[in-house]
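need coordinates for the below:
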Amino acid sequence: MGFIVQQPIETFLGDNLDSFYVRIERYSVDKWNGLVEVSVGWYEDSESASSWLPKYIEDRPLNHGRVPTSMSYNGVSKDWEMSHYFPLHEAVTLIETTYSSSWHPEIVDYVDFDENGEEIIKKREEWFETVFTGSQEVTKTLKNISSLTGSIYEFSYDKLKEVYSGIFGSENIIDEI
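This next block holds a predicted model:
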């Protein structure tokens, strides 16, 4: 399953193509960072893509029709990213307790002894800390792996089509199932 990008490109090898086929090669969930990572391959057409991934493990790939990732589109040459990362997280607002403190002097009584050994009350300055609590709103990023419902492949495919639609125009992205 993949899609055709119906736009003319020129590869760094000088080949001109009227379109190319995009297929997901690998996808994985990075639970630590809350991401889906998707790696793609570009091919001349779906048949070429199939030749690189035979149906049976024992069969050898024929390996033809791969499109290099370095290409020119609309006169701009660049190396295109083959790995894409889609977040599985959301912004949430939390109320967090804040703490602060201040120090202030106070005059306190203490017991001392005079030259005859008699108790006497004296005064001295001591520093005391006062702790204050409050709250504030904080925006944090919540990993939400459970937002990935259904098929990871369908999720990845839809997200990937959004990326390519943003580059080549949604009218130029053609599903080929």
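
need the contact partners of the one helix or strand residue 93 maps to.
Using DSSP states H and E, residue 93 sits in strand 89-113. Strand 89-113 has contacts (Cβ atoms under 8 Å, 6 or more residues apart in numbering) with 34, 119-144, 147. Yep, even glycine has a C-beta here, placed from its N, CA and C like the rest.

just say helix, strand or coil for residue 160.
For residue 160, the assignment made with DSSP: H, G, I helix; E, B strand; the rest coil gives helix.

meant to ask about residue 165
Under the three-state scheme (three-state DSSP), residue 165 adopts helix.

likewise for residue 59?
Criterion first, three-state DSSP; result for residue 59: coil.

any idea how far it is from residue 46?
The gap separating residue 59 from residue 46 is 17 Å, by Cβ to Cβ, to the nearest Å.

just the buried ones out of the contacts of strand 89-113, please.
34, 143 (16 or more other Cβ atoms under 10 Å).

among the contacts of strand 89-113, which are in helices?
Of the contacts of strand 89-113, none are assigned to helices by DSSP state H.

where does the protein have its least confident helix or strand?
Ranked by mean pLDDT, DSSP states H and E, the weakest helix or strand in the chain is strand 76-79, scoring a mean of 86.

residue 42: neighbouring residues, count only.
When counting by other Cβ atoms under 10 Å, one arrives at 24 neighbours for residue 42.

show me the contacts for the nearest residue to it once chain neighbours are set aside.
Spatially, and ignoring its direct neighbours in sequence, residue 42 is nearest to residue 67 (3.9 Å; Cβ to Cβ, 6 or more residues apart in numbering). Residue 67 makes contacts with 9, 11, 17, 20, 42-44, as judged by Cβ under 8 Å, 6+ apart.

run the last query once more with 7 Å
The neighbours of residue 67, taking Cβ atoms under 7 Å, 6 or more residues apart in numbering as the test, are 11, 17, 20, 42-44.

how about TSV for these, with pLDDT and secondary structure added?
TSV is the format used below for the contacts of residue 67 (pLDDT from 0 to 100; DSSP: H, G, I helix; E, B strand; the rest coil):
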residue	pLDDT	secondary structure
11	87	strand
17	91	strand
20	94	strand
42	93	strand
43	93	strand
44	92	coil
